[in-house]
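Peer 1: My questions concern the predicted model and sequence given below.
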Amino acid sequence: MKAAIFGLLVAALASPAVASGSHEGGHDEVMAVGEPGKKAAATQTIRVTMKETDDGQMIFAPSEFQVRKGQTVRFAIMNSGELEHEFVLDQQEKIMEHKAAMEKFPDMEHEDPNAIRLAPGKSGEIVWKFTNAGAFKIACLVPGHYDAGMHGDVTVAKK
């Protein structure tokens, strides 16, 4: 009887962990947008502010960047808003997949080198090496923030 109760208790406690979502199986793959870079190799620092506006939009400032293939960039990110925001760098289709997952599991935690979540007033950084030319996106995937305008474009030139 004690074993049955213990088993039910373990199952009940494990359910919220499974329901909270994870990135299991999706982030060990090679990313088209590039790879984590080394700070010492960064040739450019791009300062990005995340915030809400008086008219209800949520924005990155600036929201468009141009870099070169092979370049390592340090993104110095500041959340100057009143809400928690995140900065996620990826391909458009990966952003949209992640957005859908975040809408299902809004408390999903991230520990990905291409993403950072910041509380109001906090700052952080991502150091990234762009290994492929192309068009990529930045986005805040906290539910509702992308739709409120919190996304931008990264263009990676061949050289």
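Peer 2: Here it is on my side, so go on. Residues are numbered from 1 along each chain as shown.
Peer 1: what about stretch 31-46, how long is it end to end?
Peer 2: End-to-end distance of stretch 31-46: 21 Å, with C-alpha to C-alpha, to the nearest Å as the criterion.
Peer 1: Could I get the buried residue list for that stretch?
Peer 2: By 16 or more other C-beta atoms under 10 Å, the buried positions in stretch 31-46 come out as 31, 33-34, 37, 42, 46. For the C-beta atoms, the positions are set from N, CA and C on the backbone; glycine is no exception.
Peer 1: hmm, who's touching it?
Peer 2: 62, 65, 67, 71-76, 89-91, 94, 113-114, 127-132, 134, 136, 154, 156 (C-beta atoms under 8 Å, 6 or more residues apart in numbering).
Peer 1: mind running it again at 6 Å?
Peer 2: 65, 71-76, 89-91, 113, 127-132, 136 (C-beta atoms under 6 Å, 6 or more residues apart in numbering).
Peer 1: Measure how far it is from the centre of its chain, please.
Peer 2: In this view, stretch 31-46 has its centroid 15 Å away from the chain centroid, taken as C-alpha atoms, centre = their mean, to the nearest Å.
Peer 1: Then stretch 62-72?
Peer 2: Counting by C-alpha atoms, centre = their mean, stretch 62-72 comes out at 16 Å from the chain centroid.
Peer 1: coming back round to it: go through the buried residues of stretch 31-46 and flag which are in strands.
Peer 2: Those of the buried residues of stretch 31-46 mapping onto strands are residue 46, per DSSP state E.
Peer 1: Three-state assignment for residue 99, please.
Peer 2: Under the three-state scheme (DSSP: H, G, I helix; E, B strand; the rest coil), residue 99 adopts helix.
Peer 1: ok so, going back, now restrict the contacts of stretch 31-46 to buried residues only.
Peer 2: The neighbour-count test (16+ other C-beta under 10 Å) marks 65, 71-75, 89-91, 113, 127-132, 136 as buried among the contacts of stretch 31-46.
Peer 1: What about these, which are in strands?
Peer 2: Counted as lying in strands by DSSP E, out of the buried ones among the contacts of stretch 31-46, are 65, 72-75, 89-90, 127-129, 136.
Peer 1: measure residue 76 to residue 52 for me?
Peer 2: Remark: distance between residue 76 and residue 52 (C-beta to C-beta, to the nearest Å) = 20 Å.
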